[in-house]
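*Asks:* sequence-free structure coming up:
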């Protein structure tokens, strides 16, 4: 009886110490930083001047409008407007993050207004990322009228003229939609852009240097996807992403090696 009692007390002590140790552990949330670059052995595509046929005095006031479908920084070969996002580590199209894989601070996030402007006959930004529950707001800060054409599977269809210096707000909040949604201006046919809608917080768009940052990602094994308007890195299977082991470091930041991505039209 005394031996059994001693074992029970010992097991209880081990359990208590283990629980305390776990309680002292910092949550393993990691900021991922990286860069997407155009392959070193591939010539950087030249940006052609677009054929501007409407409202020329305004549209060409600052010079020729150049194609924005591929934006590569010649200094470091960084690619702008690549959407980088995480997904669970499996090949199921509808895979979703578990509740405990979403950072607790995300619960405080409020739906945002995602603004798309048309200041000088181009959409700014050209590539937009949004979250389920957000609302698209289309701004026209130009002295000429613009149009916003949008046709989607889950988020309705819109074909709205936005008068000069006015704003149009999409009537419904965004819902989940996996494919990118393209938006256009039918008045100025060269104007176009894209939005990606996510139901989780682990996404980013590369900047002028091709750099991105995804905050508060869960440590563990996941997959990372690189999407550009001209395609997905890795082709058809690239939509499931590349395996990535997210490891919590001393400063909770993981620096990834530059990722090659040929964004030339396929």
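*Replies:* Looks like it arrived, so ask away. Not measured: the values here are computed from a predicted model. Numbering: from 1, shown residues only.
*Asks:* let me see the backbone angles for residue 185.
*Replies:* phi -110, psi 120 (degrees, to the nearest 10).
*Asks:* separation between it and residue 122?
*Replies:* 9 Å (CB to CB, to the nearest Å). Placement of C-beta: from N, CA and C, glycine included.
*Asks:* kindly report the same for residue 63.
*Replies:* Taken as CB to CB, the span from residue 63 to residue 122 is 12 Å.
*Asks:* the more surrounded of those two?
*Replies:* A direct count of neighbours by other CB atoms under 10 Å for residue 63 and residue 122 places residue 122 higher, at 20 against 7.
*Asks:* now the more buried one, what's its secondary structure?
*Replies:* coil (DSSP: H, G, I helix; E, B strand; the rest coil).
*Asks:* contacts only, for it.
*Replies:* Counting by CB atoms under 8 Å, 6 or more residues apart in numbering, residue 122 touches 65, 68, 191.
*Asks:* in terms of pLDDT, where does it sit?
*Replies:* Per-residue pLDDT puts residue 122 at 98.
*Asks:* residue 48 reaches residue 67, doesn't it?
*Replies:* Yes: using CB atoms under 8 Å, residue 48 is in contact with residue 67, at 5.0 Å.
*Asks:* okay, the two: which has more neighbours?
*Replies:* Set side by side, residue 48 and residue 67 show more neighbours around residue 67, with 13 against 10, by other CB under 10 Å.
*Asks:* so where's the stretch 1-150 of the chain shaky on pLDDT?
*Replies:* 1-27 (pLDDT under 70).
*Asks:* and the helices in it?
*Replies:* With helices called from DSSP state H, counting those that start in this stretch, the stretch 1-150 of the chain shows them at 2-24, 56-59.
*Asks:* ok so, going back, among the contacts of residue 122, which one sits closest to residue 80?
*Replies:* Nearest to residue 80 among the contacts of residue 122: residue 68, at 8.6 Å, using CB to CB.
*Asks:* tell me the contacts of that closest one?
*Replies:* Contacts of residue 68 (CB under 8 Å, 6+ apart): 47, 81, 122, 126.
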